[in-house]
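J.: need a structure here:
(2 chains)
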Amino acid sequence: MANELLLETSDISLSLQGKLILDSVDLAVHRGEIVTLIGPNGAGKSTLVRVVLGLIKANRGEVKITPGVRIGYMPQRLTIDPVLPLTVRRFLTLACRCTEGKLVEILTETGATHLLDSPMQTLSGGETQRVLLARALLRDPDLLILDEPVQGVDVTGQEELYKLISNIRKHHRCGILMISHDLHMVMSATDRVLCLNRHVCCSGHPDTVRVDPSYVALFGRIPTLMPYSHHHDHSHNVHGDVVQSDDEHKGCNHG
Amino acid sequence: MDDFLLRALLAGLGVALVAGPLGSFVVWRRMAYFGDTLAHAALLGVALGFLLEFNANIGVIIVCVVLALMLVALQQQQRLASDTLLGILSHTTLSLGLIAIAFMETVRIDLMSYLFGDILTVTTTDLYWIWGCAAVALAVLIAIWRPLLAITVHEELAQVEGVPVTRIRLALMLLMAVVIAVSMKVVGILLITSLLVIPAATARTFARNPEQMAVLAATVGCVAVSGGLSASLQWDLPAGPAIVVSAALLFFISHLWWNRRERASS
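T.: Residues are numbered from 1 along each chain as shown, chains lettered A, B, ... in the order given. Sure thing, here's the model as predicted:
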């Protein structure tokens, strides 16, 4: 079944402290497709993902995860206190009691085999993302949920990561739901885009969304010849507020 | 060796063995102040034990558990930061304990021994309590080790992966309460946190993985207890503080050694 439904939400609404964060959001992810959530800061992307994961409860609406569907989750950021001695190997085996063979297989896929015995605290932004991706994959997920998978990664690294995610979809035959800030690059790596600004502004194939008036109103038109990309010098907390980032320069760490 | 010395040593070792691994989590999860607050409340538990005429250990465990649950509930509100809350509760409960004990005219309580420990008067019954509680606490800690480590590294990730976060956190609170209750006799209410934090912080220098750190922390704790007791015997020092100071010495030595090695390798 290529089009098996993995996840469906209907009419998700959520207010926090009297402020409407999500307004009647419908979302569906099928096996083998990549759905990307885009939207401005504070649009509720991370909140929606947290509702889907069951980490917070919506005021209204329903999240239906098809029975038997296993979710692999890659959180937006991971900071491990230096006082906790933790190698990549130990970090990965926290998720599952897997064999050495499986560990190496998955790490080879995400391109992080050489990091197996490194302390988690020494990883660069891109390396951390690859290790987090590996941890999600170790669970043999049917549905991968990635919260800003290219955060803290330089532009070429971002392209590689999106390619990797695309390969994972093919290789593992799973559905992928991801959040992205970076509009241009994610467009080429995705099947369906959901433009979120509290409510779903528009959704569909990237080419359709790109010219949708509500999308253009939010982001402006993307020039076709000059790819739009921008760097963040800040990051966002779960409410979408800007918070000072402590790893601004992780992206340029080539070791 | 005299009987009372042997009992003191056994009591100290029993506490150190469980305080090391549990203390590692206290350090990893930044719960030192939380531990302090629970410990301060222990005096209220002692008073409760006398008042209702049951074992002081049980009184302490009950008070610590109730306080831990209260703290978890209070932390849900957003108005006050955690450390402010802990600061309020920590000293309020200590004062309440002191007042409750002052009110009990029929029993005479040696306050100093509760505040700073009285390891040299450990009885055989105390030993049963210490080793019994330590064994159970260690067994529980080993049983929940992996999920506890998972929520320490990233709570939401662990939750998505199916770890029952609330239950594991409750278990950790219970463990803290039990260990604080049995450590009281050894170093006293005001010094308990040091037995949790200092050996773990010392062990960090040498550990390559969490398990190593836990085992090393237990070892460091045992060395500190033995060293402190010998010093106490040798120079007639108060035993509880001597144990804490010997742990602190180990900590400084380990970090000096660490700094030298860092400099040598760079």
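J.: What residues does the closest residue to residue B:147 other than its chain neighbours make contact with?
T.: Residue nearest to residue B:147 in three dimensions, not counting chain neighbours: residue B:163, with 4.5 Å by Cβ to Cβ, 6 or more residues apart in numbering or on different chains. Placement of C-beta: from N, CA and C, glycine included. Contacts here follow Cβ atoms under 8 Å, 6 or more residues apart in numbering or on different chains; on that basis residue B:163 touches B:147, B:150, B:151.
J.: which one of these is nearest chain A?
T.: Minimum distance to chain A across the contacts of residue B:163 is 4.6 Å, recorded for residue B:150 (Cβ to the nearest Cβ).
J.: ok, now how distant is the residue nearest to that closest one when sequence neighbours are not counted from residue B:253?
T.: Take residue B:150 and drop its neighbours on the chain: the residue closest to it by Cβ to Cβ, 6+ apart is residue B:158, 4.0 Å away. Per Cβ to Cβ, to the nearest Å, residue B:158 is found 36 Å from residue B:253.
J.: In terms of packing, which of the two has more residues around it?
T.: residue B:158 (22 against 12; other Cβ atoms under 10 Å in any protein chain shown).
J.: host element of that one?
T.: Counting by DSSP states H and E, the element that carries residue B:158 is helix B:155-160.
J.: Following the chain past that helix, name the next helix or strand.
T.: helix B:165-187.
J.: Only C-alpha atoms, please: export that next one in CSV.
T.: Once non-C-alpha atoms are left out, helix B:165-187 reads as follows in CSV (Å, rounded to 0.1, in the frame of the first residue of the first chain):
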residue,chain,number,x,y,z
VAL,B,165,8.0,10.3,32.1
THR,B,166,5.8,11.1,35.1
ARG,B,167,6.2,7.7,36.7
ILE,B,168,10.0,7.7,36.3
ARG,B,169,10.2,11.2,37.8
LEU,B,170,8.1,10.2,40.7
ALA,B,171,10.3,7.2,41.3
LEU,B,172,13.4,9.5,41.3
MET,B,173,11.7,11.7,43.9
LEU,B,174,10.9,8.7,46.1
LEU,B,175,14.5,7.5,45.8
MET,B,176,15.7,10.9,46.9
ALA,B,177,13.4,10.9,49.9
VAL,B,178,14.5,7.4,51.0
VAL,B,179,18.2,8.2,50.6
ILE,B,180,17.9,11.5,52.4
ALA,B,181,16.1,9.7,55.3
VAL,B,182,18.9,7.2,55.8
SER,B,183,21.8,9.6,55.2
MET,B,184,20.6,11.9,58.0
LYS,B,185,22.3,9.7,60.7
VAL,B,186,25.6,9.9,58.8
VAL,B,187,26.1,13.5,57.9
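J.: That one near chain A at all?
T.: No: using Cβ under 8 Å from any Cβ of the partner chain, we find that helix B:165-187 stays clear of chain A, coming within 9.9 Å at best.
J.: For that helix, buried residues please.
T.: For helix B:165-187, burial by neighbour count (16 or more other Cβ atoms under 10 Å in any protein chain shown) applies to B:165, B:168-169, B:171-187.
J.: now for stretch A:198-217, what's the gap between its first and last residues?
T.: 15 Å (Cα to Cα, to the nearest Å).
J.: Let me see the mean pLDDT of it.
T.: Mean pLDDT, stretch A:198-217: 79.
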